[in-house]
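Q: Sequence first, predicted coordinates after that:
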Amino acid sequence: MSLGYVWSAEYTIIGHTCLFGGLGGAFIVIYCLVRGLYVHKLEIFGTLLSILGCGIAIFDSSAAKMNSVNQNIPLGDFIASFSSLFLALYFSLQGRYATIVPPFTLILISFIFASGVVNIFGVTCMPHFTLDMNPKTGIIGFLDP
């Protein structure tokens, strides 16, 4: 999920990354509708509204990154949408495990795992991640004095 945000932002504008990456709730509603489970009418309305917003964003021909070196808006939008499937899975699993593991512990484990995955992916696959304390590109840049 976090990895999708970072990877998507390499190719598309951050507004698209947030919009398409936040479709996890809509995917849960669609999944419930397909399975025939109860869905409140406002959840359906919110899902339709979010899909409409994504449609408007897709057809916005003026969308462009400030640094257009890696610009590929459709690819970035697809990566963000695909990562939102993992957001839906995260929501589902978090609800299931919250009854077993204390919520703070569950969030801490999720955060540590996500941070590790994002940093490993960034250092190995993305040219702007560095293994130093550089405040702009370093994975431990927050420690820069």
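A: Thanks, I have it. Just so you know, these numbers come straight off a predicted model, no measurement behind them. Residues are numbered from 1 along each chain as shown.
Q: Could you list the buried residues of stretch 28-37?
A: 28-30, 32 (16 or more other C-beta atoms under 10 Å). Where C-beta positions appear, they are placed from N, C-alpha and C, glycine not excepted.
Q: what do you get for stretch 68-84?
A: Buried residues in stretch 68-84 (16+ other C-beta under 10 Å): 71, 73, 76-81, 83-84.
Q: and what of stretch 85-103?
A: 86-88, 90.
Q: follow-up on the earlier one: which of the buried residues of stretch 28-37 fall within helices?
A: Under the assignment DSSP state H, the buried residues of stretch 28-37 contribute 28-30, 32 to helices.
Q: Out of these, flag the one nearest to residue 113.
A: Checking these against residue 113 by C-beta to C-beta gives residue 28 as the nearest, at 21.1 Å.
Q: my read: the closest one touches residue 92, true?
A: Yes. Between residue 28 and residue 92 a contact is recorded at 7.0 Å, counting by C-beta atoms under 8 Å.
Q: I would like the residues contacting the helix or strand hosting residue 56, please.
A: Taking DSSP states H and E as the criterion, residue 56 maps to helix 41-58. Identification of contacts with helix 41-58 by C-beta atoms under 8 Å, 6 or more residues apart in numbering yields 15-16, 19-20, 22-23, 25-26, 29-30, 33, 63, 74, 77, 81.
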